[in-house]
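A.B. asks: sharing a sequence plus its predicted fold:
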Amino acid sequence: MNPELWHTEKYTQNCGFTFKVKEVLHTEYSKLQRLDILETYDFGRVMLLDGLIMFTERDEFVYHEMITHLPLFAHSSPKSVLIIGGGDGGSAREVLKHSYLEKIVQVEIDEVVVKNSKKYTPFVGSSFDDPRLNLIIGDGIEFVKNKENEFDVVIIDSTDPFGPAEGLFNKEFYANVYKILKDDGIVVAQAENAYYDPKWMMRSVNNMRKSFGKNVTIYQAAIPTYPSGMWAFSIGWKGKHPKESFDQKRFEKMDLNLKYYNPEIHKAAFVLPNFVEEILKQNS
Ligand code: SAM
């Protein structure tokens, strides 16, 4: 009889998240990172990069809906979107639902992630087959340099701030994102979590503030398989506060049939627990 196989993602030296694995479907080392695709009992297919959960089939909808629809419905008239990272295709899948968009560009550094997502997790990866998506394999940090006024919404769907993604949390990078955004532009970035990684969360917020000034905050979503289950997204904007600028008419017209995001969640996501507000205040 095969021994049981379990995977543990350590959150600190003393705690983590453990689940039983049915089968390891694929393991591959790219030039940048190790990728594993697992078949699991409770979460369906799971992608790990360097041992960390990128998404699970069961709850990926929360992250992907919240990192895309919220900024898109907060913008008054988006036409162009840039996704940085997001090599699994989940963010692209949601962005592509906005059929009125004229330009969708994605810059992902590791084609091994894209290739394996297409093959093993098509529920996210098949979005790469859509001809409306212009996928560029390259470094998002380099891509945003020396460009101005090109996108309405920038979505930074990155790995944790180590290795190739470290620079995606830097002030120089956000300064370039500020420039690449048009007037009224909005940037959203995955920003770790307030329980285990408040420093990383604040690194994103504070470095964004260096370009966007006071127009930066956090919104949150409940993602059971990410550390703490409560995930933070940093958001910076040039026009109106994204909590107030939800486009109800466009939302109703599109009739998206989503699983997490809705008009009430759009506003509620900006309501932060006191301890998160404290972190934001103390570090501003
Ligand atoms: N939701 C995920 C998470 O935080 O668990 C992120 C998923 S997505 C797979 C993250 C992607 O960011 C990876 O495919 C990684 O290769 C890509 N990435 C990391 N650094 C990058 C960079 N500098 N430019 C473009 N893509 C990058």
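C.D. replies: Cool, the structure landed.

A.B. asks: what does the stretch 51-200 of the chain have sitting close to the ligand?
C.D. replies: Contact residues (C-beta under 6 Å from any ligand atom) of the stretch 51-200 of the chain with the ligand: 54-55, 63, 84-88, 107-110, 113, 139-141, 157-159, 164-165, 168, 190. Yep, even glycine has a C-beta here, placed from its N, CA and C like the rest.

A.B. asks: hang on, K118 packs against G89?
C.D. replies: Yes - here K118 reaches G89: they are 7.4 Å apart, a contact under C-beta atoms under 8 Å.

A.B. asks: between these two, what contacts are shared?
C.D. replies: Counting by C-beta atoms under 8 Å, 6 or more residues apart in numbering, the contacts common to K118 and G89 are G125, S126, F128.

A.B. asks: what about the last one, is that helix, strand or coil?
C.D. replies: To tie it back to what came earlier, the one meant is F128. helix (DSSP: H, G, I helix; E, B strand; the rest coil).

A.B. asks: re earlier: look at K118 and G89 and report which has more neighbours.
C.D. replies: Taking other C-beta atoms under 10 Å, K118 and G89 do not tie; G89 has more neighbours (30 against 17).

A.B. asks: so who does the more buried one touch?
C.D. replies: Residues in contact with G89 (C-beta under 8 Å, 6+ apart) are V114, S117, K118, V124, G125, S126, S127, F128.

A.B. asks: is it fair to say I265 lies in a strand?
C.D. replies: No - under three-state DSSP, I265 falls outside any strand and is assigned helix.

A.B. asks: now do the contacts for it.
C.D. replies: I265 neighbours (C-beta under 8 Å, 6+ apart): M66.

A.B. asks: before we move on, back to that, please list the members of the residues of the stretch 51-200 of the chain next to the ligand that lie in helices.
C.D. replies: Mapping those onto helices (DSSP state H) picks out Y63, V113, G140, I141.

A.B. asks: wait, which of those residues is closest to V21?
C.D. replies: V113 (19.6 Å; C-beta to C-beta).
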